[in-house]
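>>> quick one, fold the following:
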Amino acid sequence: MPLHQPTTRERFDRLDALRGLAVVWMAAFHFAFDLNHAKLIHQNFYTDTVWTIQRTCIVSLFLFCAGLGQALALSQSQGWPRFWRRWAQVALCALLVSAGSWWMFPNSFISFGVLHGIALMLIVVRLSAVAGGWLWLLGAAALLLPHFVAHPGFDTRWSNWVGLVTHKPVTEDYVPLLPWLGVMWWGVAAGQWTLVRRRHWLAGAVPRIASPLAVLGRWSLTFYMVHQPVLIGLLTAWLALR
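Numbers count the residues shown, from 1 in each chain. Okay, here's the model as predicted:
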């Protein structure tokens, strides 16, 4: 069944609000991380399931929303020029994250974090979106493959972006192609299904109380890039003045 192609651009506030929720959750998580880094609290963000499960949920929500967004963009006949403009913004921000993390954490800087992963996955899902319902199966395969296939050749900083590593690299953020591409593929598949059968789930208006989340979701990349410098700056200033 072909996707509905509207003649005018719709505003999918419910998707924006869902993305905004992910942004708020992420900011709260990062603020707790900053407090821990400043030794104001004492938590293990690398092994404690309270934090590792939250991180998995936050990243999954971001990637699922990115997949939904690609389904919407394709349903509105978004061309490649606009896609590449948005992609360039994500890729540039990924490079800035690597540079900033190298300055703060030279021994564990981010070489392939969530923005790096999103940049690569966006290209893959754009090219594979025509698979339609097969994306559910492809997504499941991507999620399961790293549990069965791994090789030391993927353990270097130049190759761990694939995800088939024998051990996780020492880095502050790591979102490789596998298994995370599976989440974005499922987001595309869910978006395509919803646009055909339950369009109102995405296109309906949000309650007034959720409007700020929708606005925040529309500016998620900007917020992502500025929230940590702002949080760290405010925390540093407070520590200096107390």
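>>> any idea how far stretch 138-149 is from the chain center?
Distance, stretch centre to chain centre, for stretch 138-149: 19 Å (C-alpha atoms, centre = their mean, to the nearest Å).
>>> that stretch: which residues count as buried?
Neighbour counts using 16 or more other C-beta atoms under 10 Å place 138-139, 142-143, 145-146 of stretch 138-149 among the buried residues. To be clear about C-beta, it is placed using only N, CA and C from the backbone, and glycine gets the same treatment.
>>> which of the residues in the helix or strand hosting Gly100 are buried?
According to DSSP states H and E, Gly100 maps onto helix 80-104. Across helix 80-104, burial judged by 16+ other C-beta under 10 Å covers 83, 87, 90-91, 93-94, 97-98, 101.
>>> can you pick out the most distant pair from those residues?
Spatial extent of the buried residues of helix 80-104 (C-beta to C-beta) is set by the pair Phe83 and Ser101 at 26.8 Å.
>>> for the lowest-mean-pLDDT helix or strand in the chain, packing partners?
Sorting the helices and strands of the chain by mean pLDDT, DSSP states H and E puts helix 200-203 at the bottom, at a mean of 85. For helix 200-203, the packing partners by 3 or more C-beta pairs under 8 Å, 6 or more residues apart in numbering; DSSP states H and E come out as helix 13-37, helix 177-197.
>>> so which residues make contact with it?
10, 12, 14-15, 68, 72, 191, 194-195 (C-beta atoms under 8 Å, 6 or more residues apart in numbering).
>>> can you turn the buried part of those into a ChimeraX selection?
Of the contacts of helix 200-203, the buried ones can be selected in ChimeraX as follows, counting by 16+ other C-beta under 10 Å:
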select :12,14,15,68,72,191,194,195
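>>> now pLDDT too, for the contacts of helix 200-203, in CSV please.
Converted to CSV, the contacts of helix 200-203 look like this (pLDDT from 0 to 100):
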residue, pLDDT
Glu10, 70
Phe12, 87
Arg14, 92
Leu15, 94
Leu68, 96
Leu72, 94
Gly191, 96
Thr194, 95
Leu195, 93
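>>> angle of the longest helix seen in the chain against helix 177-197?
Assignment by DSSP state H gives helix 49-75 as the longest helix of the chain. Taking axes from the mean of the first three to the mean of the last three C-alpha atoms, to 10 degrees, helix 49-75 and helix 177-197 form an angle of 50 degrees between their directions.
>>> who are the packing partners of helix 49-75?
helix 13-37, helix 114-128, helix 177-197.
>>> re earlier: out of the buried residues of helix 80-104, which one has the lowest pLDDT?
Minimum pLDDT across the buried residues of helix 80-104 is recorded for Ser101, with 92.
>>> low-confidence ranges in the protein?
Counting by pLDDT under 70, the chain contains low-confidence residues at 1-9.
>>> tell me, what residue is most central in the protein?
Phe62 (3.7 Å; C-alpha atoms, centre = their mean).
>>> which residue, neighbours along the chain excluded, lies closest to that one?
Using C-beta to C-beta, 6 or more residues apart in numbering and skipping the chain neighbours, the partner closest in space to Phe62 is Ala22 (5.2 Å).
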